[in-house]
Every structure is written in C-alpha cells, then in structure tokens.
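Q: The amino acid sequence is not available; the structure is as follows:
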C-alpha cells in the first residue's frame, strides 16, 4: 500500500501572505484538518485548523498565515510505501509528488485509525440502543413517567401526553406534585415510591374521569440510592369490562349448570332413580362427576338396593347414551356358558354352537356400556380374560384367534365383599383394583328412610297403571313401612306393594294387608297358608317368583338355589330372567 493511499486529502493550500480574515468566508475551513503554506513550489509551513481557530478566537484576524507558528513535519514521496512512514521520526507527514505538489497528509495514522474504528463502533452501538429505547418509549401502549430522585419529571412518552392532555415540553423539569395540584392526576405514584422506597401499585383518576392502574418502580444506582422512579400506568376500563364479562359468563354458566342439573334430574326420574336422602344425593353427585370419564365403576350394595338403576343412570347421562346398555348377570348364567355369552364364539367352537358363530355381550356393548351384575359370581378363570379386556380393549371369541377391538365402558356390581373374596383367593386382586377405580356404595333402604315415601308413591302409581287400578295407600301403612327392616330393600318394597294392592279387596290399602303378608311375629312353619282368594294362575306365578327369588337371594348362586328348591338350574335361570 502506497503512502498516498492512506493520506488524508483534508487540507488547503495558501500562500504565506494570506490573511486569517480571508479564511472566514465561504466555509473554506469546513471539513479540513490542515493548511499548507506554499511559496512557489516549496512547502514552508503546515498549520493545523485547530491552530487557525485558536488565532481567530484570540482576535488575530488581521495577521498573515506566515506569522503563525506551524507544525513540525516531513515530506515523503507518494511512491513510498506506507510502512516507510514508521521509520520517520515525525508526527506529521506530507505526501508529495515528484514535482513537490502535495497530495495528502498523514497525522498519527495508526493511533487515529485504531481509535476511530473503536470509537465509531461504540458510538454507533450507543446510538442504535438509544434509537431502540426511544422507539420502545414512543410505541409503548402504557403511559410512562420517568422522574429523578427529587420527583422532578425527566421524560414522558407520547401515550402519557395523549392520555393526560399535556405536552412533554410543559412538564419536563417540573415536580410531579404539580400534576396533582393542577388536577391532571388524583395522586402521584412517584411520591409514594420515594416515600416507601419500594415498588408501589395504586389507582389514579385522570382529569377526563378514566381510572388508571399505576405501577411505580425505584431505580437504584451503584450507591444503593434511588436515582430515578419509573412509573407506568394503564387504563383499567378494559379490565373492569372484562371482570363484568367474566361475572356475566359466570352467571350464564351457573344458569347452564342449573339447566343441566334439571335435565339430569329428568334422566334420574326416567330411569326410576327415586330419592331425596342425603345418602343418595351424594351418589348423584358422584355420578355427575364420572359420567363422561371412561373409568370403570364398581357399584356395591345389598340385594335389591338399586345397583342396576345406578348403572343405567351413568350410561344414559354419559356421551355413550345413544349406544347399547348391555346387562349380563354373572350369577344367572351357568359357568360353562358365561364365557361364550361374554366373548362370543366362532362357528364350530363347541358342540351345539350356531353356524356362523355369535357375537358376545362385550361386542354388543361396543361404544356403549357393559353392566356386569353379580361380578362376584364370575368364575376365576374368566376373571383374567375380563382383566385383559379392561387393559387392552381387545377380545378373542371362543374358538377364534382374531383380536377384535372393543370400546365399552365397564360397570360392575355385587352384593358380596370382594375384598374378603380376594383374601380367600376366590377373586383376583388385580381385577378387583382395576374395577374399584370409582366405587359407589348404595346404602340399604333401612338407612335412607327419607326415600321411602317417594318410592311408595312411585311404585303405587306404577302398579295401578299396570293392573288398571286406582288404589290408594292408607297413611298408617307408611308408618308400618318405616318400622320394617326391609331386608330385600327397594325390590322387596316394590313386590310387597304389588301383593298388597292385588290382595286388597277395597280401593284403600290398609295396614292389615301389610301385616298379613309380612306376618312379622309368626315364624315360618314350612306350610303355605292362604289368607285370601286370588286367581289360581296368579297365585301360582306369584309363589313361583317368590320362591326362586328368595332362594337366589339366600344362596347367591343359581346352582345352589336350584338344589335347595329341588329343580333344574335352567328352570331357576328362566324364572329369574322372567321376573328380573
């Protein structure tokens, strides 16, 4: 690199006779660093612009350039390399052509260059940051006030000007209290921050009546003293409106929930979920919580408490209500048939199997609900197959190999103590825990006598409709009902009422009919005693139903009930299915 390539061209050429006053016009000095004094072709002096300005400031406009002391300099040919300058013992170098005509000046080149590069980058960075800060300050949607440690306003943004109806030029330098005194603001957050020396949130009212939420933050210096206070404020009208909307939505949601509750109560009524007791209200609440959660539900309770009603309620309140509700009583179906009833079978799976096979209850319940009543009666070997269904939602039909995907919600019910059965090894522990995710314990009727009047009213209306009667219940009968223990629970109540209505000769069913049927104080003699005349076929059907139901409730097994009654198991199953 040649010396001429790095030399500055910012110089003027004058003769020594030139007066200083002649340099004042036409901006001759602008952008120049030096003046070269040349007489004929020889460079006599080099004057720095700073020297010229100093002389002008001293009032020496009328002196000539030759009278001013110049800078020490050396000349170097423009053909020399820039590196040659390093060997020169001079701070100022004039680069000249062969004809001694100056083409440039070099003054402390390396130092100046390095400083200029660093300082230029630094200044650009600062300017860029200041530009960004100003833009943020201008574009910020909240009002910004910056005050010093005395509370004097240093800066406000355009949004603050617009909202407060003031100009920055009118308030910068003034104390924030003047805004309060002039009714521009109702109070000053800055004053509170300086007083409390911590972040402050407060509401302010602007003179236009709007309410602002103002936040003031102290800015500490390295001396741990407050140097500035930054306050931002925002119109909370939107928040107030939002709060009103939320409250309105809450009211709407409450109305929707009330309407939903009414619709659900209608479903409860349609499924004969008749109750008013706290115990049953708790069960209703549990049902509402779990209806649309595809979790298994285990319904516990004595025989006749209404476990199937609870299961149906869960189904018909859920999103599965438009699909099948499939019930299978694990205690009614012989063990050798329960497998094929549940899982279905392929053609030729066993002797007597239908051609083409048959789908099982689980497949029928696809997208719906499968209600496994008397789950405690399920054979141990089938329990593991049921567990597989619960875990991976697939079945394999009896005699088949194809895995069939099913999506059925499982609800199980039992009147037995499954925990005790687990201890005894007659019920699988893993299946018990899989079923017992949501347990619902339905209390016996004797523990919720509040429900008795409603149930009596419901069943009486149902029985009258069935037999085309219009019989009424003497109020004293209800007193007798309340005293009774109801070992058969709601089912016993329905059957007992039915017998009372049928046996009553008058339209008014009185306590005597109840006493005749129950015969509380007389032990069973083993003989059937007729207390009234009813149609033979009706009596035979009623006796058959009572005997089989009582035997099944006592032995919890169709096989044992059949043995006690000395009839075939299939007959027991048939009668139970007929009267279920």
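A: Sure thing, it's come through. Please read these numbers as outputs of a predicted model, since none were measured by experiment. Residues are numbered from 1 along each chain as shown.
Q: Where does pLDDT dip in the stretch 401-550 of the chain?
A: In the predicted model of the stretch 401-550 of the chain, residues 519-534 satisfy pLDDT under 70.
Q: what do you get if the cut-off is 90, keeping everything else the same?
A: 401, 466-467, 475, 480, 483, 485, 487, 499-550 (pLDDT under 90).
Q: Would you point out the helix or strand in this structure whose mean pLDDT is lowest?
A: helix 237-270 (a mean of 64; mean pLDDT, DSSP states H and E).
Q: Strands of the stretch 51-200 of the chain, residue ranges please.
A: Taking DSSP state E, counting those that start in this stretch to define them, one finds strands in the stretch 51-200 of the chain at 74-77, 92-96, 102-107, 143-148, 153-156, 200-205.
Q: what's the angle between the third one and strand 92-96?
A: With axes from the mean of the first three to the mean of the last three C-alpha atoms, to 10 degrees as the criterion, the two stretches strand 102-107 and strand 92-96 enclose an angle of 160 degrees.
Q: Please identify the helix or strand for residue 219.
A: Mapping residue 219 onto the secondary structure by DSSP states H and E places it in strand 211-220.
Q: Identify each buried residue in that strand, please.
A: Judged by neighbour count (16 or more other C-beta atoms under 10 Å), strand 211-220 contains these buried residues: 211-216, 218. (C-beta placed from N, C-alpha, C; glycine too.)
Q: before we move on, the earlier item: next, format the strands of the stretch 51-200 of the chain as CSV and append mean pLDDT.
A: Supplementary listing: those in CSV, determined by pLDDT from 0 to 100:
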stretch, mean pLDDT
strand 74-77, 87
strand 92-96, 87
strand 102-107, 86
strand 143-148, 90
strand 153-156, 90
strand 200-205, 89
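Q: still on that earlier bit, show me what the helix or strand just after the least confident helix or strand of the chain is packed up against.
A: Proceeding C-terminally, helix 237-270 gives way to helix 278-290 as the next helix or strand, assigned by DSSP H and E. Contact analysis of helix 278-290 by 3 or more C-beta pairs under 8 Å, 6 or more residues apart in numbering; DSSP states H and E lists helix 307-317, strand 438-441 as its packing neighbours.
Q: Name the residues that touch the helix or strand that helix 278-290 is followed by?
A: Going down the chain from helix 278-290, the next helix or strand is strand 297-300, by DSSP H and E. Contacts with strand 297-300, where a contact means C-beta atoms under 8 Å, 6 or more residues apart in numbering, come from 290, 307, 310-311, 314, 375, 410-415, 418, 435-442.
Q: how distant is strand 297-300 from the center of its chain?
A: The chain centroid and the centroid of strand 297-300 are separated by 30 Å, computed with C-alpha atoms, centre = their mean, to the nearest Å.
Q: Repeat that for stretch 9-22.
A: Using C-alpha atoms, centre = their mean, the distance between the centre of stretch 9-22 and that of its chain works out at 81 Å.
Q: before we move on, what about stretch 378-394?
A: Relative to its chain's centre, stretch 378-394 lies at 35 Å (C-alpha atoms, centre = their mean).
Q: Give me the buried positions along it.
A: 378, 382-383, 385-387, 389.
Q: Helix or strand next in line after the helix or strand encompassing residue 465, which one?
A: Per DSSP H and E: residue 465 is located in helix 452-467. Scanning forward in sequence from helix 452-467, with DSSP H and E defining helices and strands, the next element found is strand 472-473.
Q: mind listing the helices for the stretch 451-580 of the chain?
A: With DSSP state H, counting those that start in this stretch as the definition, the stretch 451-580 of the chain shows helices at residue ranges 452-467, 475-483, 489-503, 511-518, 536-555, 558-565, 569-579.
Q: could you redo these as a markdown table and give each row distance to residue 223?
A: As requested, the helices of the stretch 451-580 of the chain are arranged in a markdown table below (distance: least, C-beta to C-beta, whole Å):
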| stretch | distance to residue 223 |
| --- | --- |
| helix 452-467 | 80 |
| helix 475-483 | 85 |
| helix 489-503 | 83 |
| helix 511-518 | 96 |
| helix 536-555 | 90 |
| helix 558-565 | 93 |
| helix 569-579 | 93 |
